[in-house]
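Undergrad: give me a model of this one.
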Amino acid sequence: MNTITKTTLYSNLSDATISLLEIARKSSWNRITDNCLYITSEIENSAQNFCDLHKSRKQENDQKVPRSLAEVLPQLLSLFDNLHDINLYVYRAERNVTIIEIAYYLKTSLDAMYRETIISDPPMLHYKVPIPNYGALKEDRDKKFDINWQLNPLNHRLRVFWMRLKYKLGMYPF
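TA: From the prediction side, this is the model:
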């Protein structure tokens, strides 16, 4: 991917979305449409544990109104000089729309000494598909999963319950 500038940000995000959707389709069994809307969120330093952080992030994101990439672009452009890292995730895949979360990390959130070394660097852009904890198991690595697992649907809760039960019964050699 080329260096990200204010003029190329839209095309970089569009290209990253296409790549993200491709990876998501290969990894999950969900129907993932090209009709995408976006939500934005800031990645903040926090002392909260992962589970609490995940719950609060989900509550915040569920309140947000998904918008088109053109509608969220002005917000990102206003932050551009302070953007250190931009991450795209499939937040939710519904029948007629895929909601992409654009999570960004600001340079002002970095340690002061490190910030001085990267202050003039352009932002980095990543796209990721989080894998559920049971997807890391040897027997499940090649299986497709529900892309919406982070929203804690019933099928995910059942898989986690089954994994924990198998662990307690000694069926997983951790």
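Undergrad: helices along this structure, start to end?
TA: Assigned by DSSP state H, the chain shows helices spanning 9-27, 50-63, 69-79, 112-118, 154-168.
Undergrad: of all these, which lies closest to residue 106?
TA: Closest of these to residue 106 is helix 69-79, at 7.0 Å (criterion: CB to CB). C-beta: built from backbone N, CA, C; applies to glycine.
Undergrad: nearest to residue 105, out of the helices of the chain?
TA: helix 69-79 (10.6 Å).
Undergrad: residue 87 reaches residue 100, doesn't it?
TA: No - the criterion here is CB atoms under 8 Å, and residue 87 misses it with residue 100 at 10.4 Å.
Undergrad: these two: who's more crowded?
TA: residue 100 (26 against 18; other CB atoms under 10 Å).
Undergrad: what's near enough to touch the more buried one?
TA: By CB atoms under 8 Å, 6 or more residues apart in numbering, the contact list for residue 100 reads 17, 20, 36-39, 88-91.
Undergrad: ok, 6 Å please
TA: By CB atoms under 6 Å, 6 or more residues apart in numbering, residue 100 lies in contact with 36, 38, 88.
Undergrad: what bridges to it?
TA: According to DSSP bridges, the partner residues bridging residue 100 are residue 38, residue 90.
Undergrad: low-confidence regions, the protein specifically.
TA: Where the chain drops to pLDDT under 70, the residues are 1, 47-48, 50-51, 133-142, 151-165, 167, 171-174.
Undergrad: please identify the most buried of the helices of the chain.
TA: Ranked by mean neighbour count, the helices of the chain are led by helix 9-27 with a mean of 16 (mean count of other CB atoms under 10 Å).
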